[in-house]
Every structure is written in structure tokens, then in C-alpha cells.
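Engineer: Turn this into a model:
(2 chains)
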Number of protein chains: 2
Amino acid sequence: MSAKPASWIGASVERLEDRPLVTGQGRFAGDVSFPHQLHMRIVRSAYAHGRLRAIDTAQARALRGVVAIWTAADIADLSPIDFREGPNEKLAPFRQPVLARDMVRYAGEPVAAVFATDPYVAEDAADLVEVDIEELDAVTDASLPVSEFAAGLTTEPTICRQGYGDIADAFKQAATVVELDLSVGRHSGVPLETRGAIGRYDAARDVLELHGAAKVPHKNRESLARMLGRSTAGIHLYEGHVGGGFGIRGEIYPEDILVLVAAMRLGRPVKWLEDRREHMIAANHSRQQRHRIRAAVDAEGRLIGIDDDFFHDQGGYIRTHGTRIADTACGILPGPYRLPHFRVNGHFRLTNKTPAATYRAPGRYETNFVRERLMDAIARELGLSRIEVRRRNLISPDEMPYERPLVALGDEVVLDSGDYAGLLDKALDRCGWDELERKVRARREAGEYVGLGLAMYVEKSGLGPTDGARVNVHTSGEVEVITGGASVGQGFETVIAQVCADTLGVDYRRVRVVHGRTDRIEYGIGAHATRATVMTANATAVAAAKVRDKALDMAAQLLQADAAQLTIADGNVMRRDGAGATIGLGELAHHLRPVSPTRGERDPGLAAEGWFTTDHMTYPYGVQIAQVALDAGTGAVRIEKMLIAFDVGRAINPMLVRGQLVGGFVQGLGGALFEEFQYDERGQPLSVTFADYLMPTAHEVPEVDILLAEDAPSTCNPLGIKGAGEGGVAAVGAVIASAVDDALGGKGLITQIPITPQAVKAMIDAQRN
Amino acid sequence: MSAKPASWIGASVERLEDRPLVTGQGRFAGDVSFPHQLHMRIVRSAYAHGRLRAIDTAQARALRGVVAIWTAADIADLSPIDFREGPNEKLAPFRQPVLARDMVRYAGEPVAAVFATDPYVAEDAADLVEVDIEELDAVTDASLPVSEFAAGLTTEPTICRQGYGDIADAFKQAATVVELDLSVGRHSGVPLETRGAIGRYDAARDVLELHGAAKVPHKNRESLARMLGRSTAGIHLYEGHVGGGFGIRGEIYPEDILVLVAAMRLGRPVKWLEDRREHMIAANHSRQQRHRIRAAVDAEGRLIGIDDDFFHDQGGYIRTHGTRIADTACGILPGPYRLPHFRVNGHFRLTNKTPAATYRAPGRYETNFVRERLMDAIARELGLSRIEVRRRNLISPDEMPYERPLVALGDEVVLDSGDYAGLLDKALDRCGWDELERKVRARREAGEYVGLGLAMYVEKSGLGPTDGARVNVHTSGEVEVITGGASVGQGFETVIAQVCADTLGVDYRRVRVVHGRTDRIEYGIGAHATRATVMTANATAVAAAKVRDKALDMAAQLLQADAAQLTIADGNVMRRDGAGATIGLGELAHHLRPVSPTRGERDPGLAAEGWFTTDHMTYPYGVQIAQVALDAGTGAVRIEKMLIAFDVGRAINPMLVRGQLVGGFVQGLGGALFEEFQYDERGQPLSVTFADYLMPTAHEVPEVDILLAEDAPSTCNPLGIKGAGEGGVAAVGAVIASAVDDALGGKGLITQIPITPQAVKAMIDAQRN
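Structural biologist: Modelled structure (predicted):
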């Protein structure tokens, strides 16, 4: 890195977290071991739906090195896995038991756990466990009429409903009604590091430890305490490096409970590492929804109302999130457009597949695809350009803050700030849309299948209500920021250090950011829902400002100056006019030690806790533009140009924001073109290796142009920041679908993602015939 | 335990810390291991004094499993071991290097460190290291004239001086001058658990960990940070169970530095466990002093002045305490007596023995012996009873607080409260002194060697200035008290829990006390100098009171009551008049979670930090009375009766105070009769096994009667408490010497401890001849 920037906030400084990673000293779950640990292996159901008749563990038990084998009977006292937000009576019957009892509901469901002195022995023993299951018919399509489901299986525990206005009246007023049937495929986050959990019970301190934690250590501590009947004081979670989180890693799964309970009951640490095949069938799936959506539009293409019935394919159980994704989908669907009337019913349905939950931009990836397909269809129907139909519907800056009588993530939707049309103009200008359109038209006329796609969307971030942080200056001058945040690779340490550095007047490399350890701070929000930067950074700024005040007050005494005359630069307090002596923050910390006579009546420590509270989420927004070319011979989609324009209010580290957006785009591309967990009619998973579940590689990923805008700082927090963690991924399904559709003549042929080469080829072939 | 007592403070409740210990789940240093750890073995000097010519490690290195062998050259960048209180230029040259450079100064000094994959390989390899030392004359008597010491060895780095008044004039005024030459033998704490240290470097977080810490984890963190050039933010110490502290365990020794540096440089955890022989020559020795003391007394036996020159045998280096014991000896010597003039020179001298430092009641065990021998001599000289001469000199309650122009532990001596004569009366009454005297006289006339001894003393405790604690109520209702205290077996968890329980209104068994972990709280005083109970308990009370206020405030809102009408009992807030609903502390904690809407503007958490600050130490005091019978045939001393009367101001847990006093007595008995580290004239240690270094066993320990007084609560802290950690041991040398001397006819024959059977037999034989 070059010289110190004028402000650490806004500077694309190098990541603090990279040193151990690039020197091979990362500490992932697999790197955590304890002496005398046992290794756990899960025996999983081979059937998607069935009655569990018997489990014979005799042969497996006989294997040398096997210490215990548990089935549901051995942990009959454990309740099913709880919802993160606390008990929910209505949904409680659909929670997943730690080990299957009586029934199995998806292929891959844990039915037994083997504990052995060696991971290979554990795996061999698991193979010897004989599970007798009476197979039943499987439900694999969430959108079938309820009457067609197999008897005895409750398939629709609830319907998530939202809406406002008078939807019937809206359709009466409509000049045009556009109706679509759209599907998003089942896919999920596939991190490089599979899950891992190491349970350890320290009887000497009566502390139960979970190593390999991620995402939401503090919240999981609360849930685990509830489930295990322990006090939170006796449970600690420790996050190491996390090789990809994406929303799926770090939730509470059966394996987490098992290693903890086994650590206590077997009296030895217990380690579990997920293998790749397990990951494909055991970790949360996501995304799969089918929307039957209708729009009522006036003659000028203005939305009057949207009416949506969607079917959310939840899989076999309701996991820790409850119905949150379907709820969010309802609340976020209208996007950046004015919408007078709205009604949505999310049919939250169980099927015999791996349970689903959050994956980066949950509920938005799906609904952005759906809404933007609808906008394209309206344009087509009315003969308007896709740009024009959007322009006519965009909420304008002078309507901000824009209250929408909807709820997302339990928060009333109030769009805080944004110039959607302004960003659209910038994006069109950046890519030279008109010129692109001309060229595309020319090539298409020359026989090429080439098209332009566009998608607009509103992201959400910074879910409140509160986060806290503690800033502590050590006598060395090093600053420690203790947070309840979590690092899943997003650069959390760096951005928090930058915020602290700016507020406090130190070099950001002198700031050590602690996260993911429940014994360092009592509360924390972790890293989910694009909250961490907004909430934790603002809390850090509050704490750092208090520390700054204390430093200036102490320094004023020592330098015999007025605190108001002083400032801090590069870790040294000095007079604003540059005159006289300076004093380092470390030295001031020394003066504030408990034993220091100079500290006077001040509380010991150059440290402070700061809390930040917000009423509502803050809403960044974006425009994505793609140009694709289809290979008529293979159906392959090649992305020729990709632009993401995104307004984050204020970027703490533009380089990291760009990284987030590009990385998110690549994941979004997977769902748009490649990734899908497929099942046969018996509910057997067909995508359990990377040969079947295709992920984008460097070959498939185009150069992505990022237009990073800071035109609409958040009005919800003093730093003006909005999160960028999910902004890259959220509209990729939408924009790629739009572009491929355009390449195919703009006829609305693309109604589902992923868009496979087979489908593209079939459509091209159909057009040619 | 039976029903809940009216107050937890003052109740002899069971120890919270015993469950893991009695169920075999203690976690001592030996129980701490990490995967891939290396084992360290120290190669030690076989000579007491010499020039280090060469170290040949070739043969040792060739041993399979040896990873590294370090000599001073390998760690040339490391400074010698620092003083706990920070740099001291004058004493710096006498600090111990981590590994000997050029010279060795005591037998047992580390000269090389072997690191191997197995502890046995490490030990074998250490035996193969060839150390070539040119032996020099050894200094083994600290009281020799400086001129007689070997050339080139600085033997008196400093003289610790204190005093006031005009000592020359005092002796001019004297009716009588009493002069003694008294010696205390070299002995020390010999805990059941030898030392142990496990260093581990977590490169992923850049945190260096020391496991097996004890006594003063936070202070050692500061010292280690200074020595290793790291920030305190990057070093954490972890205390497990400690099998005996006694002041010697938990200081920074060469081995602690070595495991830490090796963990970083070799990239693997490094474990070291001390064996018993090592413990006898490597861990701090203590106590050895020779006093040439004179008292100027008036005709009625009143002290006019004391003039003392003492020789403190420090051993080969000055360790972490610097000259603190000699300083304390100077400041504490006058004890409970009025003393108009005083002069003391502590000759702080180096010898070629194991370095000395603190051992339970450092500077007091020695000076109580010396002063009380002096008082007995004055009585004898003037023909007064030992009781009477003391009575005439005791400071009276109406002179309290009694300022003495002396300094102990860096603190100006102000005796805060005490009724010394009152406690003496109680003690005499308790044991029926007059009756005992009659019986002893009768038995002596019948030819038995039986005697009564008495000693009075003032202890010190509660060294300030400040300690803090954090009290946090979890939603389970469990209360966590996070302290920077340390547990060395003294019952710290229990007493802190009792204080918290009383203040907060919960059962003490619902309180979890955290200690000895530098990552849980930023500052801490540990457990030394009988500070922990006074300082940490008062800080806990302050924090708990804040939590109580917050709980009442929150409850007042929920119960729609006035906070002043509410109280807390058994963890529930209720109206003082018993009417209406109650609400549990756990539930209130739930209402105060960050996400709780009911908490309003209150900071999240039912938690608070509290600090307690004091100007001066507080001074408990005691009277010890012993009756001994000597075996004329063997010289053995049998203790027939033992009374310890001790005023602690206010006992938090009388059972634990009694335990401290009895345990301390047993250790004091070791120094009085049995324990001594002996050396030959070449400085070779002669006491390296329990066959040579005799410790009292159950056989030697009499029943000890404890008279626990609470007549003089401390005026230095709101709880009125004084510490009891060293009150049992402090006067045992004094009282046993007094009793044995009495049994030998009260002629002042006993001038040194330990009083060996050989010496007793020789004195009896001399009397008979």
C-alpha cells in the first residue's frame, strides 16, 4: 500500500485478514483439533420419504475404534432444532429432529451418528450401520395442488401473505394484464470449505465450546443454550477462518448439536467435517420457487397492481430461519417501482428434498428475476422499450423516504434514499446502451443470437435494531475493536479497522478487529443479511468517538492544553495548530491504567463501548446490464459484456465493494445458467458431485464492469453507508434471463432459470424450424 | 448445604470450585495439550558459579525426535527477565537471562533448552548436551563482609533502607539495649503441582497464548508484551486449576519465555512441565535472612527504638519482584507496637543459590520471627512476662488509623483499624493461658521439656489502588462475574460469588466467577499479596449494585411499580411488601437484550462494570499461641496446642478463612521446624528430594484452634473486609521459636529457624551436662 490516504473511509486499502491466509496459516474448521478427540460420521437416509423401521448397529459397534453409535433413541431428550428467532408454535411440528425419528423426509437426513477414534474408522462403521426404511411416495414438486400430495404428509404448513390496496379493483382498472409463470431452480451456496464442527466440553470450567462456528455465533449461542438447557454463560462459540459463508454456513444443523452433546456425554472432544457429497445433500439448499404472477398495467405501462401466488419449495423440514425467505420475498418483490396495489401469497411448502434456507440475497434473487421478467413482458406487451417501461415506474428521489406497507425481515419497509433513475442513466451511459443496441441489432440481423439484458433492483441491508462494539487502546498503541460481528471472507476486519482508524486518528493497520468469539463480547449480530458493515461499523464509530474524547481529555491534562485545541493524527495527540509536544495513544493508555496516578477520577482504560441503534433497514440499489451471445450449435450462453451499477451510499473500501459485487455476480451466474440440485421422481438427489452440479469457473466468468455510485448516502446511519454483500448476486438471474430472452428475439421465452444449454438449443432449434 | 442463610456474606457455604476437583475433572497445566505440540526440557548448570565455556549439542541433536536445541546464542535478541513493576535501571544488570550467557550463577540455572516431539526424548537429549563450565568459588553466605566475596561478583546490588526518628538518640535514651543475631532458613512454597507452561501461537489470529498461567495473568501479560515486543492485544494468558500457588507459582520464569518464543519460532505448541527435582532448584526460593537487630528500651520495657541490619540472601539473580521482599520486611518489621525511632538497612545480596522471591507472607514471616524474638528477649532482660511487655507496647484502638512513616509494597503504612490488646485478651482467655502456664511449669519441674510460645503480628492485605469486575446476568438467570482475579485454591470463586449474591439478591450457586483469562477482561490484579478478596470483592459489589439498580429500574417499568418499592430475593424482583407479581432476573435480562423493544433507551444487557479504588492497604492482625513438648532423646518438637486468633474485619466465608489460617499454619510449621534448602560450600544444593527437604505431614500437624475475630472491620472498603491468605503462616516461625525457647528454659537459645531436632537435642544435652 502506498501513503496514508486523507481518510481511511473510502480508501481501497489492502485487506488486514489476508496475511495468515496467503501465508498458509489460515485456521479453518479442519485445522482445529483437540487431543483425544473423537471423529463423528453421520449415517444418512438413502430414501427421500419413508418409515424408519429399524437401525441395526451391531456390526458397526464391533469395529475396533468405534466408541459409540447414536440413533434417535439415544438422544430422545433433545428437542428438534429450534428457530433462530425463538419458539414458533405453529411451525414447531415441522422442525428437523437431530436424528430422524420414525420417519425420514429427505435423502441425506441424519439417522445415526458414529463416534470413533479415527475418521476413517467412523466412516467404515457408518457403512456397516443397517438402516431399514419402508419407502413412501415422495413429493418433489411444491407447486402441485395440495390435493395431489401423498396422504399423511402436511405439505403447506403456512402461507406467507402480504399486500395492500385493493387488488381486485386494480385489475378492474387495468388497460393490460400481463401474466407469467416463472421458476427459479434449486441451488445454493457451495463454499470451498465444507461445514465443520468441533465440540469440546471443559468440565473444569463447565464450558461447552463449539469450534468452527460462523455467521451468527452469538445468536447460535442463544439457540444452543435453549436447546441444550444450559445458560449462555456456559456455552462459547469460536469462529476460525471461514472458507465461504453465503448464508448457508453457520446456521445450526443436526451435526452441530451432535458434536456438542457427544462432547459432554462421551467426555471427549468430537470433530466432524462434512465431505463434499454430504454438503450437496445436507447443507441448506435454497432459491427454489415458482411464481404465478400477474400485473395490472395502465395504457402507458404504469403498474397498477401485482398479484402473485408463489410456491416455495422448502424441502423436508423447516430449519432455523422459519419462513423468513418467503416473507422477505413478499416484502421485497415490488423493487424500485411505484406499485399502488399488491397482493402476494407465498405457499410455504414441504417436499421430500434437502431443507432450504438462506443463500446470499435470499428472496431477492428469486423476486428480482420474477419482477424484472414481468417488466420486460409489460414492455413487450405495450411495445415500449425495456428502459422506458422502467423509467415510467421508478420511484423518484423526491418521494424518499418511501414507506411501503410491507415487511421484510420483520422490518417495515421504508426505502431511505435513492435516485433510481439517476443510476439507470449512469449505467446506460457507462455501457453506451444505445450504441450496444445498434450493434446487437446489426449482429442479430446477421444471424447471430445476441442480446442485451437489463435489470433494476433494490437491495436491503443494515437490519437493526442494535449492535455494539468495544474499542480498546492498548499501551502499545495498538487498538482492539471487539465486536460480535463475524468474518466470512467479506473483509470485515478491514472495513471495521478503517472506520475505527478514521474516527480515532490512527493507521488502520494498528487496529485489530476481534470477531466471532462469544467470550470476548456479550452480544453480536454476526455476519448475515448484509448487516455487519452497517451496524457494526456504526457501533465502532460510536465507541471510537468516545475513546477519542477520553484520549483528548487525558492528553489535555498532560499537555496542559484545552481538549478542543487538540486532534489526533497517526496515533498521536497534538495541537491542531501543530505547536508543542505530542503524546501517543499508547502512552495515554498507559496513563489510564488502573494503577496510574495520572488518570485521576477517570475510569481505567482507554476504552469504551458504543452502541448503534437504527429504526429501519437501509436500501442500496442497482442496475445490471448484460450482453450475451448464444451458440446456436450447443446452446451455450457466452456473456460478452457485464455491468453492475450499484449505489452503496458510501463505500468504506471501494476495492472490497467491487470484490463483493463481482464475487456475487459469479454466484448469481451459477444460478442463472449452471447450478441446479435436481431430483428424480422418488426424491433421489441427482446432483451430488461437481460433475452433476455445475459451477461457473474462471472460463465462464466475463470481465465485470463495476460502476460504484455513492449518490444516495443512507439516512439511517451517521456514516451514510449501505451494505454491499448481496448486491452483486441479487439481480443476476434477472439480467441474464433478460439478455438471453433478447437474444432469442425478446419473446418472453425465458421463464425459468437456470437457463441450460439444452433449453437454449431447443428454443433456437424451434425458431429455426 | 442446608437452607439459604440470611446473608451470603458471613456464611460458611460450600466451595463452588470443588465439583470438578473432586470428580477428577480438574485441569492443571499437565492436562493442557495441543495437537503437534513439542516438549521442552531444560539443560541446567551443574555448577553454582562458573564461566560458561562451551555447549556441545551435536550428540543431542542427532537424537530422533529432537526438533531444536537452543542456547543463549539462539535467543540473543531476548532481554533478561523483566521486573513486574517495570524497568529498573539500577537493578537491571542483575536480572536473569532466559538462558545463561557467559556465566552461570546457581546450580540449576538454565543453559540450554531442548525441544522434541516427546518428553522422554527431550529428557534423553538434554542429558546428551555437553556443557563445559569453568567452576569458580561460590558465595553461599549473604551475611559475610562484602570484602570476603569472590572478586568480580557484585554481591550487594542495593541496600533497602527505611526508618524515622533519631536512632542514635534513641539508644542514648535507652535504659536497656537488647541485641540479637537471628536467622531464618531458606525455604519456599512446594506446591503439589509443579510448574508448567504451554506456549501456543495462533498465527491465524496473531495471538500468542500461555496456558498454565497463575497468580497474576494480567500483570504477566504486560511484562511478556514488553519483553517480547508484542502488544498486549496479541498475548493471552490462561489459568487452569492451580495446584498450589503460595506466591512462587505464576511469576515469570525462564521456562515461560522459552515456551512462548519457541511456539512462535518453531511454529508448534510447546509444553513444559517441571519435575520435582527441578522445582527444588529452579522455582523461587525464599525467606533466607539474617538480622543483626538491637532494641533500645526504657525501664518499663517500652520500645524507644529498633536498629536492624539484615542480610537478604537473594540467590543468583534478581527476579520479577526486584527488592520487594526486603522492602516489605523494612516496612512491616515494627508490627503492632508503638516504635518512636526506627532504622533498618536491608542488605540485598546476591549469592550462588537459586534466586529468591515471594513465598506466602514474604517479609513478614521473617520479621515477625525477628521482632517477636526481640520482644521475648526484652521481657527476659527486664524480668517481665512476655504478655506484659507486649501489652505495654501495643498500639491502642484510639490511636487508629495509625500512620507510620514507612512504606510496604510501595504503599505508605497506615494501620486502618485494630484492637490488638483486645485480641490478645481474647486469645489468652480462649486458651486459658494462666492455667496453661501453671501446668507447663509443673511439668517442667517434673523434668519435661515443655513450653508456651506467643507471637503477635500485623498482617497486610488489600493492596490498591484499583480493581474492576464485570457482572452480567444471563437470560437463564445465571450471573457471571468476570474478574481479573486468579484462583490458586483459596476459594476465590466462592467468596466472590457470595459477595455478588448478597448484593444482587441471588443464590450464590447461580453465580459463575470467571478469572485468570486475560481475554475476558482487560485488567486484573490476580491473586497475590492477599489482595484478591479485598479488592475484587469490593469491585464486584460495586458492579453488582449497578446491575441491581438496572434490574430494579427495568422491573419497575414492567411491574408498573416504583423502583424504590422493589427488592430482589432469590433472583426475583418483587415488591418489598410482597404484594403483586414477581419477575426473574433472567427475564429482565431478556428484556434488556439489544433486540428487545422493552429496554427503551437503556444500554443493552443486564450487566455493569464496577471499579473499587482504595488509598491504602488494610491491616488484619493476629495472636498465635503454641504449646510444645521436646523429646529429650531425639530433639523432636511436638506441638501440643496451637491457637491462632486472627481478626479479618469481616469474614465472607468463615470456613474458608479458617481453612486459610490452618493451611497457612502448616506451611509456617515447615519453615519453623523442617524445611530448609541447604547448600554445601561449593553452592551445590543438598535438598533436592523430599528425603532431604522435609515437609510437615499430617503426623506433624496438631489440631489448630482458630479464634476468628471480626472486631475491627476495615475502614478502607465498604465491605469492611481484610484478607486472610497469609495470616496463618506469618507468625508461625515466631510462635514456635518462642515456645521451644520456653521449653528450653526461656533463655533465648533459639535464634534461628528451622529448629532442627539436632539443634534441640544439642541444647538439651548442653543443659544436662
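
Engineer: close to chain B, is stretch A:601-615?
Structural biologist: Yes. Stretch A:601-615 lies within reach of chain B by C-beta under 8 Å from any C-beta of the partner chain, at A:603, A:604, A:605, A:607, A:609, A:611. Glycine gets a C-beta too; all of them are placed from N, C-alpha and C.

Engineer: Out of those, flag the one nearest to residue B:441.
Structural biologist: residue A:604 (58.9 Å; C-beta to C-beta).

Engineer: For that closest one, give me phi and psi.
Structural biologist: Dihedral pair for residue A:604: phi -60, psi 150, per degrees, to the nearest 10.

Engineer: now swap in residue A:354 and tell me
Structural biologist: phi -60, psi 130.

Engineer: Quick one: neighbours of it, just the number.
Structural biologist: Residue A:354: 29 surrounding residues under other C-beta atoms under 10 Å in any protein chain shown.

Engineer: I'd like the distance from it to residue A:683, if you could.
Structural biologist: Residue A:354 sits 10 Å away from residue A:683, going by C-beta to C-beta, to the nearest Å.

Engineer: what touches both of these two?
Structural biologist: A:106, A:107 (C-beta atoms under 8 Å, 6 or more residues apart in numbering or on different chains).

Engineer: Can you name the residues of the stretch 401-550 of chain A that neighbour chain B?
Structural biologist: Counting by C-beta under 8 Å from any C-beta, the stretch 401-550 of chain A sits next to chain B at A:465-468, A:472, A:474-478, A:480, A:512, A:517, A:519-520, A:522-523.

Engineer: and if we set it to 6 Å?
Structural biologist: Within the stretch 401-550 of chain A, the positions near chain B by C-beta under 6 Å from any C-beta of the partner chain are A:465, A:466, A:474, A:476, A:478, A:480, A:512, A:522, A:523.

Engineer: Pretty sure the last one sits against residue A:484.
Structural biologist: Put plainly, it is residue A:523. Yes. Residue A:523 is in contact with residue A:484 according to C-beta atoms under 6 Å; the separation is 5.3 Å.

Engineer: What mean pLDDT does the top helix by length along chain A get?
Structural biologist: Longest helix of chain A, by residue count under DSSP state H: helix A:532-559. Helix A:532-559 comes out with an average pLDDT of 96.

Engineer: which outside residues touch the helix or strand harbouring residue A:294?
Structural biologist: Using DSSP states H and E, residue A:294 sits within strand A:289-297. For strand A:289-297, the external contacting residues (C-beta atoms under 6 Å, 6 or more residues apart in numbering or on different chains) are A:143, A:170-171, A:174, A:176-184, A:304-312, A:366, A:370, A:374, A:378.

Engineer: how about 8 Å then?
Structural biologist: Outside strand A:289-297, the residues that touch it by C-beta under 8 Å, 6+ apart are A:142-143, A:170-171, A:173-184, A:303-313, A:329, A:341, A:366-367, A:370, A:374, A:377-378, A:381-382.

Engineer: What pairs with it, parallel or antiparallel?
Structural biologist: Strand A:289-297 pairs in its sheet with strand A:176-184 (antiparallel), strand A:303-315 (antiparallel), by DSSP bridges.
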